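K.L.:
A predicted structure for the sequence below; I have some questions about it.
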Amino acid sequence: MLPKGKLPVVVIACQVLEEMLDRLLPEHGRSVSQVTFMDYGLHRVPSKMAGTLQEALGKVEEPSLIVLGYGLCGNGLMGLKAGKHTLLVPRTDDCIALLLGSYKAYRHEFATVPGTYYLSKGWLEAGSHPLSEYEEYLPKYGPKEAMWIMDMQYQNYERLMLVTHTPADLVEYRPAAQQVARFCERWEMRYEERVGSDAYVRQLVEAAMALSQGEELSQAARRDFIVIPPGSEIHQDQFIR
Amino acid sequence: MSELEQISTAILQGEEEKAPKLVNRALRRKVSAKDILENGLLVGMGEVGVRFRAGDMFVPEVLMSAEAMRASMELLRPELISEGVKLVGKILMGTVKGDLHDIGKSLVNMMCEGAGFEVIDLGFNAAPEKFVEAIKEHQPQIVGMSAMLTTTMRAMGYTIKAIDEAGLRDRLKIMVGGAPVDAEFAKRIGADGYGSNAPAGAELAKQFAGAA
């Protein structure tokens, strides 16, 4: 059962959504009591993710509606306990759907070319992509070994895709993305661009506002979001649709 | 440190040159190939799997351990055969549709070959119908499926369904594995078993073949 009455809204999200949330949250003024952005790198070790997020949840004292700006993230959210809070999570495997604007858009890209490596503004800035990975390995393993590690991981990929939310961002981040694309030519990956939308994240914020006011989610929203009531925890099968 | 411990440590540390040298030395000292495999190589690789899952080991290190394992197995395989390790069965392996990650699956293949299985590899992005056709053609006792993503692991369920609909399910044992997979998921989709790492996968296969 969801708690009756109004709940303060707390946002705990991956940095990859920072820009979108910073833009969308102020529209709702004081109803959002706290926003925390977590490090990009968290998804690299899914088995440690829930623990880190649980700690962040533990710091929220008042029973709240906690909006998690994450997908299932390689089971990284699995086992996360709501405790006294209510959790709201997008029903998506990872943040690509949030960047593209909908789960449907993600499924479409995925079905078209499964072997796609996605680039976003956030990841380019954080240096989370194959080129930076190679540069990280270089001093540790030397050029030959480092490239072998890269080949083993990426040789089956077919496409590199830059996803942004505005055409302006596309222009701004294109040079950095193309630099990564040139490196990935080694595996015959082709380069593509998409202007996504903030629709999914906007719906997340709207769903949070509705829930915090004690309203029920619409049927469409229930398809796209998971609500974890106090005392329950996040399971993998909740994300499968 | 015992001889076999040294071998498992060399695997764990990804020492591609040292591991086969140690294997060679153990063979010269009349340690059986089976003992070297089970109490040396597989112990090391099992630890790699555990540490990788826990986030204490990363892809590059796992790849190096796999290379050390491969180099050691090359040396050990003829010895295993001459010791009379019997062919225990046939396994069909593949990474499911939509998924192109094959590092883990290749590791399981290597382990299963070491355990005496003939392995038929369907590669990656293998559609359910590809599994069905290959089962008809090769008649394996065991089918293994791998997926690295939560987006693709549901394809394991679809594959099992296709195998069932083709009337082939009863004669097979199906095992699944991969980063996002766990025992609960395996049960939910109707698999017979789940391996949390490569040696665990091979161990499961041995149990299915009645060779454990």
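P.N.:
Perfect, I can see it now.

K.L.:
do you know how far the residue most central in space within chain A is from residue B:74?
P.N.:
Compute the mean C-alpha point of chain A, and by Cα atoms, centre = their mean the closest residue is residue A:95, 2.8 Å away. Shown here: residue A:95 relative to residue B:74, a distance of 42 Å by Cβ to Cβ, to the nearest Å. (Glycine included, C-beta is placed from N, CA and C.)

K.L.:
so what sits opposite residue B:176 in the bridge?
P.N.:
The partner list for residue B:176 in beta bridges (DSSP bridges) reads residue B:145, residue B:194.

K.L.:
ignore the last one, residue A:81
P.N.:
residue A:233.

K.L.:
doesn't residue A:53 make contact with it?
P.N.:
No - Residue A:81 lies out of contact with residue A:53 (Cβ atoms under 8 Å); the separation is 10.1 Å.

K.L.:
quick one, which of the two is more surrounded?
P.N.:
residue A:53 (24 against 16; other Cβ atoms under 10 Å in any protein chain shown).

K.L.:
roughly how far out does the lengthiest strand in chain B sit from the chain middle?
P.N.:
For chain B, the longest strand by residue count, based on DSSP state E, is strand B:89-95. A distance of 9 Å separates the centroid of the chain from that of strand B:89-95, by Cα atoms, centre = their mean, to the nearest Å.

K.L.:
how about the residues of chain B by chain A?
P.N.:
Within chain B, the residues that sit near chain A (Cβ under 8 Å from any Cβ of the partner chain) are B:53-55, B:59-60, B:63, B:97-103, B:124-125, B:149-152, B:154, B:179-180, B:182, B:184-185, B:188.

K.L.:
in helices only, show me those residues.
P.N.:
B:53-54, B:59-60, B:63, B:103, B:150-152, B:154, B:184-185, B:188 (DSSP state H).

K.L.:
grab the nearest non-local neighbour of residue A:69.
P.N.:
What sits nearest to residue A:69 in space, not counting adjacent residues and going by Cβ to Cβ, 6 or more residues apart in numbering or on different chains, is residue A:13, at 2.4 Å.

K.L.:
which regions of the chain sit below the pLDDT cut-off?
P.N.:
I went with chain A, as the question did not name one. A:1-4, A:30 (pLDDT under 70).

K.L.:
my bad, the chain I had in mind was chain B
P.N.:
B:212.

K.L.:
in it, which spans are strands?
P.N.:
Under DSSP E, chain B gives strands at B:89-95, B:117-121, B:142-146, B:173-177, B:193-194.

K.L.:
out of the ones you listed, deepest packed?
P.N.:
Most buried of the strands of chain B, by mean neighbour count (mean count of other Cβ atoms under 10 Å in any protein chain shown): strand B:142-146, with a mean of 28.

K.L.:
other SSEs contacting that one?
P.N.:
strand B:89-95, helix B:103-114, helix B:128-138, helix B:150-165, strand B:173-177, helix B:198-208 (3 or more Cβ pairs under 8 Å, 6 or more residues apart in numbering or on different chains; DSSP states H and E).

K.L.:
how about those, which one is nearest residue A:215?
P.N.:
helix B:150-165 (30.0 Å; Cβ to Cβ).

K.L.:
buried sites along that closest one?
P.N.:
B:150-160, B:162-163 (16 or more other Cβ atoms under 10 Å in any protein chain shown).

K.L.:
what's the closest of those residues to residue A:39?
P.N.:
Nearest member of the buried residues of helix B:150-165 to residue A:39, counting by Cβ to Cβ, is residue B:150, at 21.0 Å.

K.L.:
now do the contacts for that closest one.
P.N.:
A:72, A:74-75, A:93-94, A:236, A:239-240, B:180 (Cβ atoms under 8 Å, 6 or more residues apart in numbering or on different chains).

K.L.:
not counting sequence-adjacent ones, nearest residue to residue 102?
P.N.:
In the absence of a named chain, this looks at chain A. Per Cβ to Cβ, 6+ apart, closest to residue A:102 is residue A:200, 5.5 Å.

K.L.:
sorry, I should have been clearer: chain B.
P.N.:
residue B:124 (4.6 Å).

K.L.:
can you list the domain ranges for chain A.
P.N.:
Listed by automatic domain parsing, the domain ranges of chain A are A:9-98+A:198-239, A:103-195.

K.L.:
check whether the shortest one comes near chain B.
P.N.:
So the one you mean is domain A:103-195. Yes - Domain A:103-195 reaches chain B (Cβ under 8 Å from any Cβ) through A:110-111, A:114-115, A:137, A:140-141, A:148-149, A:152-153, A:156-157.

K.L.:
count the residues that sit near residue B:211.
P.N.:
Residues near residue B:211, counting by other Cβ under 10 Å, number 15.

K.L.:
got it, and residue A:241?
P.N.:
12.

K.L.:
is it in contact with residue A:225, as I believe?
P.N.:
No - judged on Cβ under 8 Å, residue A:241 makes no contact with residue A:225 at a distance of 11.2 Å.

K.L.:
farthest residue from the center of chain B?
P.N.:
residue B:29 (28.1 Å).

K.L.:
which residues touch that residue?
P.N.:
Contacts of residue B:29 (Cβ under 8 Å, 6+ apart): residue B:3.
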